[in-house]
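> Got a sequence here, can you model it:
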Amino acid sequence: MLPSQMYESLPYLYLLAGVACFALLPHPLGAWAGVLFINAGALVWIMRAERRRLNQKSGGDGMWHLPFWLYELQPFLYFGTGTFLFFRFDNEFLYPSAFILCLCGLLIWRLRYQNRFQE
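Okay, here's the model as predicted:
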């Protein structure tokens with residue numbers, strides 16, 4: 001059994017490993033490894049957040065109907081795409097877009113975390 005501190009930090013370590021793969025491994029397999037690590041971290045975080053959720057899911061009939069899996073993966077897709085653009089392309093015109101994608105992903109992630117654990 002893993003110690004609780006290590007168990008709780010696993011999704012974040014997976015995300016960090018994905019970013020490190022993007023940054024440090026120049027081969028295209030490094031990019032695939034980064035994608036896999038980021039997806040693993042996202043899925044572990046989503047499963048834990050859904051299990052520990054304090055408030056009920058809102059079943060609103062809004063105008064936008066995203067599938068559940070796409071809605072849940074949205075911040076991780078933004079963050080992963082931003083880090084991929086930042087580390088894989090040497091075009092300085094892409095850096096602002098990469099920064100904005102990473103920032104939007106982190107912001108959505110933070111808002112979801114705050115909303116799930118409020119009663």
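> for the chain, which helix is longest?
When the chain is parsed with DSSP state H, its longest helix is helix 28-52.
> Other residues contacting the helix or strand immediately after that one in the chain?
Per DSSP states H and E, the first helix or strand lying C-terminal to helix 28-52 is helix 68-88. With contacts defined as C-beta atoms under 8 Å, 6 or more residues apart in numbering, helix 68-88 is touched by 15, 18-19, 22-23, 31, 34-35, 38-39, 41-42, 45-46, 66, 94-95, 97-109, 112. All C-beta spots, glycine's among them, are computed from the backbone N, C-alpha and C.
> again, 6 Å this time
Outside of helix 68-88, the residues within contact range by C-beta atoms under 6 Å, 6 or more residues apart in numbering are 19, 22-23, 38, 42, 46, 94, 98, 101-102, 104-105, 108-109.
> buried ones in that helix?
Using 16 or more other C-beta atoms under 10 Å as the test for burial, helix 68-88 gives 72-88.
> same thing with stretch 40-53?
40-46, 49.
> now that stretch: mean pLDDT?
Mean pLDDT, computed over stretch 40-53, is 86.
> Please enumerate residues in contact with it?
Counting by C-beta under 6 Å, 6+ apart, residues outside stretch 40-53 touching it are 11, 14-15, 72-73, 76, 116.
> and the residues you listed as CSV, adding distance to P3 and pLDDT?
Shown next, in CSV, are these (distance: C-beta to C-beta, whole Å; pLDDT from 0 to 100):
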residue, distance to P3, pLDDT
P11, 16, 91
Y14, 17, 95
L15, 20, 93
E72, 27, 86
L73, 28, 89
F76, 25, 92
R116, 24, 73
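> Now the two most distant members of the residues you listed.
Farthest-apart pair in the contacts of stretch 40-53 is Y14 and R116; separation 19.4 Å (C-beta to C-beta).
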